[in-house]
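1. The following comprises the amino acid sequence and a computationally predicted model.
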Amino acid sequence: MTWEERWHPLREEWVIVAAHRQERPWSGEVIAVPGKELPEYVPDCFLCPGNLRVSGKSNPHYEEIYVFDNDHPSVAIDASAAEPPYSEFYKARPAAGLSRVVCYSPKHNLTLAELSLLEIQNLLCVWQEQYTELGSLPEIEHVLIFENKGEAVGVSNPHPHCQIYANNFVFKTIENEARVSERHFAENGRSLFQEIIQAEQIDGRRIIAENDSAIAFLPYFARYAYEVFVAPKETYPNIAKLSLKEIADFSEVLKTVLIKFDNLWQMPFPYVMPLHQAPTNGHDYRAFHFHIEFHPPLRKPNLLKYLAGPEIGGGNFLSDTSPEEKAAELQALSTTHYKLEVKT
Ligand SMILES: [Zn+2]
Ligand SMILES: [Zn+2]
């Protein structure tokens, strides 16, 4: 039996680790494991090349990466004025921003894990361009690039893609990370994220992949069973600052993590994958350390981690698993994708 609290230095909150709870009788939701093989092209997929989207626009017959403005944006650059609240105490304003979709590949049946190293590098270069372009707009304070993958996180279309929200405000998690990173740097003269990387390197038990300039680890303070951070070793406020060599190294480490995720249960592994990058509101963010976070919702092949009393009710996570054990599981997996293993 272990009951432990681990400090999450980026969120500044405790994570309760109660690893013995994993074997308790399960009464949560059971997710179906996708079994059937998908075709390369699906006529009614709104992301496949050449297809008509609901907006009436057609996708070009794209052959690599394809970026377009979201047909159902949650924000708009010309958002109309908000209806004034009835009470003077409340505030409202137009949701000004841009929202885009990035198709990773014309092939409907691939996942990010199955793209070639070169294709992942190209995607990272597109993310660099998008961050720079959208972040330079005067009304945009922050660019959130993220992928939701799998039905477990509400995505019914498996066509490999991510989304970009460029907003007139900074998302809470980023605001918090920026604030604690800045304070830590001012007080200690060191990057907070560098301290985390160093702590993970000294311990070593939770490192999933590492090369010259990039590292992936399941953090000591993980909130989800298979939470993994991927980061360059140097502190850069955003992905656009990485050199070509660093992009290549980062892609390699990212691909290793993605393959291990898919290999874990021999199925496309569901996750929410945000890029955490500094806001673009003109402040000095030199202490902000760009990284990717994976928040996978499943604890077991079919078992969703429900967010309940502690998480939704109280705002802190209760983790049912040991980060060291989960990291060891990922470390033991092959770096060759299971679909390729079967073919050879
Ligand atoms: Zn498709
Ligand atoms: Zn983060």
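-> Now that the structure is in, tell me what you want to look at. Ligands and ions are numbered 1, 2, ... in the order given.

2. Ligand 2 contacts on the stretch 201-344 of the chain?
-> H276, E293 (C-beta under 5 Å from the ion). The C-beta positions use only the backbone N, C-alpha and C, and glycine is treated the same way.

3. For the stretch 201-344 of the chain, which residue gets nearest to ligand 2?
-> H276 (3.5 Å; C-beta to the ion).

4. ok, for that residue, nearest residue in space, not its chain neighbours?
-> H291 (5.3 Å; C-beta to C-beta, 6 or more residues apart in numbering).

5. re earlier: where does the residue of the stretch 201-344 of the chain closest to ligand 2 land on pLDDT?
-> Turning to H276, the model gives it a pLDDT of 98.

6. Would you agree it is in contact with F290?
-> Yes: using C-beta atoms under 8 Å, H276 is in contact with F290, at 6.7 Å.

7. what do these two both touch?
-> The contact sets of H276 and F290 do not overlap (C-beta atoms under 8 Å, 6 or more residues apart in numbering).

8. still on that earlier bit, and the gap between the residue of the stretch 201-344 of the chain closest to ligand 2 and F171?
-> Distance of H276 to F171, given as C-beta to C-beta, to the nearest Å: 9 Å.

9. can you check E293 too?
-> E293 sits 12 Å away from F171, taking C-beta to C-beta as the criterion.

10. Of the two, which one has the most company?
-> E293 (22 against 17; other C-beta atoms under 10 Å).

11. Contacts only, for that one.
-> E227, V228, F229, M273, P274, H276.

12. then stretch 275-283 to PDB, C-alphas only?
-> Presented in PDB, the C-alpha positions along stretch 275-283 are these (Å, rounded to 0.1, in the frame of the first residue of the first chain):
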ATOM      1  CA  LEU A 275       2.300  21.700 -27.300                       C
ATOM      2  CA  HIS A 276       3.200  23.900 -24.400                       C
ATOM      3  CA  GLN A 277       4.700  27.100 -25.800                       C
ATOM      4  CA  ALA A 278       5.100  30.600 -24.400                       C
ATOM      5  CA  PRO A 279       2.400  33.200 -25.000                       C
ATOM      6  CA  THR A 280       2.800  35.500 -27.900                       C
ATOM      7  CA  ASN A 281       1.800  38.700 -26.200                       C
ATOM      8  CA  GLY A 282       5.100  40.400 -26.300                       C
ATOM      9  CA  HIS A 283       6.300  39.700 -22.800                       C
END
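
13. If you count neighbours, what's buried in that stretch?
-> L275, H276, Q277, A278, P279, T280 (16 or more other C-beta atoms under 10 Å).

14. Next: stretch 6-14.
-> So for stretch 6-14, counting by 16+ other C-beta under 10 Å, buried means R6, H8, P9, L10, R11.

15. Stretch 66-76 too?
-> Buried-residue list, stretch 66-76, by 16+ other C-beta under 10 Å: Y66, V67, F68, N70, P73, V75.

16. State the helix or strand in which the second one lies.
-> Using DSSP states H and E, V67 sits within strand 66-69.

17. who does that strand pair up with?
-> When pairing is defined by DSSP bridges, strand 66-69 lines up against strand 97-103 (antiparallel).

18. just to revisit the earlier point, which residues are in contact with the residue nearest to H276?
-> H291 neighbours (C-beta under 8 Å, 6+ apart): F193, F229, V230, A231, P232, L275, H276.

19. what do you get if the cut-off is 7 Å, keeping everything else the same?
-> H291 makes contact with F193, F229, V230, A231, H276, according to C-beta atoms under 7 Å, 6 or more residues apart in numbering.

20. same for the host helix or strand of the third one, what does it pack against?
-> What it means is V230. In this structure, V230 sits in strand 228-232 according to DSSP H and E. Judged by 3 or more C-beta pairs under 7 Å, 6 or more residues apart in numbering; DSSP states H and E, the packing partners of strand 228-232 are strand 214-217, helix 244-265, strand 291-294.

21. Can you say which of the ones you listed is packed in most?
-> Of these, the one with the most neighbours on average (mean count of other C-beta atoms under 10 Å) is strand 214-217, at a mean of 25.

22. what does that one contact?
-> 197, 200, 206-209, 228-233, 249-250, 253, 256-257.

23. Ok, stretch 239-253 next?
-> Here stretch 239-253 has contacts from 117, 120-121, 124-125, 127-128, 131-132, 209-216, 230, 232, 236, 275, 277, 290, using C-beta under 7 Å, 6+ apart.

24. Done for today, thanks.
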